[in-house]
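**Student:** Task: produce atomic coordinates for the following.
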Amino acid sequence: MAFISHRRHETLVDFDDGVFHGDQDRGSQGDPAEQRGAMVPTVVDRVIRLGAELVLESGAGDAVKLPDTAYHEVTLASSAADAAREADIVLAVGPPDPETIRSMRDGAILISFLYANKEPALVKLLGEKKITCFPMERVPRITRAQALDALSSQAALSGYYAALLSTTHLARVLLRMTTTVGTLRPAQRILWSGSRIIETCVQYRRKTHPGESVM
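**Tutor:** This is a model prediction of the structure:
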């Protein structure tokens with residue numbers, strides 16, 4: 001099993017599919033816009049106990065402050081293509097680039113976000129290689145599939161991130177601030193859209209004003 005870091009899709013907020021998208025053009029592998037990793041060390045330990053041999057693309061976790069040394073009992077590969085070359089199963093965040101797909105074994109399995117409607121060339125290449133792909137954006141949002149639901153978790157995170165990001169564009173601080181030179185008035189009205197952002201605001205209000213009725 002190999003897990004690699006592919007950063008080919010945008011990473012700002014899109015509430016339609018719950019996955020980070022934005023105004024950046026699709027980049028190549030290593031695009032700093034994508035900071036998520038395909039697997040974290042705690043999961044690695046559990047997979048190894050199942051008997052799997054893991055290969056990690058060197059630096060795959062750097063963007064989320066997980067250096068290679070945090071991953072124990074894994075083999076490091078210098079590139080995504082090298083990591084995927086002999087793997088039966090390849091894990092990635094975004095769709096791999098054509099070079100990596102060509103390096104994969106015929107009949108291998110790919111688990112990642114794929115966005116097949118936006119990546120027709122990659123879908124054709126996957127078919128030519130007889131690679132079975134499990135696109136994470138196609139996992140149904142049903143009870144029995146909750147453990148595999150990547151869209152809901154990313155939608156929740158994007159909502160929290162959007163609320164924090166938007167405050168950097170305000171002309172005043174959110175909360176009342178009193179200093180030795182005077183008092184800064186807090187923001188009075190903030191309008192946000194998107195169910196996840198509203199949920200974030202409601203939860204914050206409940207924590208800061210316990211007992212108050214919040215819609």
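**Student:** Report the contact partners of the closest residue to Arg176 other than its chain neighbours.
**Tutor:** Excluding its sequence neighbours, the residue lying closest to Arg176 (C-beta to C-beta, 6 or more residues apart in numbering) is Pro186, at 4.3 Å. In this view, the C-beta of every residue, glycine as well, is placed from N, C-alpha and C. Neighbouring residues of Pro186 by C-beta atoms under 8 Å, 6 or more residues apart in numbering: Arg172, Val173, Leu174, Leu175, Arg176, Met177.
**Student:** swap in Asp106?
**Tutor:** Applying C-beta under 8 Å, 6+ apart, we find Asp106 in contact with Lys129, Lys130, Ile131.
**Student:** Kindly recompute the last result at 7 Å.
**Tutor:** By C-beta atoms under 7 Å, 6 or more residues apart in numbering, Asp106 lies in contact with Lys129, Lys130.
**Student:** Just the buried residues of the contacts of Pro186.
**Tutor:** Among the contacts of Pro186, none counts as buried by neighbour count (16 or more other C-beta atoms under 10 Å).
**Student:** Mind putting those residues into CSV with pLDDT, distance to Glu34 and secondary structure?
**Tutor:** Below are those laid out as CSV (pLDDT from 0 to 100; distance: C-beta to C-beta, whole Å; DSSP: H, G, I helix; E, B strand; the rest coil):
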residue, pLDDT, distance to Glu34, secondary structure
Arg172, 69, 33, coil
Val173, 72, 31, coil
Leu174, 72, 29, coil
Leu175, 73, 33, coil
Arg176, 77, 38, coil
Met177, 80, 35, strand
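**Student:** And the helices in this protein?
**Tutor:** 41-49, 80-84, 98-103, 120-128, 150-167, 195-208 (DSSP state H).
**Student:** What is the nearest of the contacts of Pro186 to Glu73?
**Tutor:** Leu174 (45.3 Å; C-beta to C-beta).
**Student:** Now that that closest one has come up, it's in contact with Thr168, right?
**Tutor:** No. Assessed by C-beta atoms under 7 Å, Leu174 is found out of contact with Thr168, at 10.8 Å.
**Student:** Just give the number of residues close to Tyr161.
**Tutor:** A count of nearby residues for Tyr161, using other C-beta atoms under 10 Å, gives 17.
**Student:** ah, wrong one, I meant Lys130
**Tutor:** 10.
**Student:** Could you give the backbone dihedrals for it?
**Tutor:** Note on Lys130: backbone dihedrals following degrees, to the nearest 10 are phi 60, psi 40.
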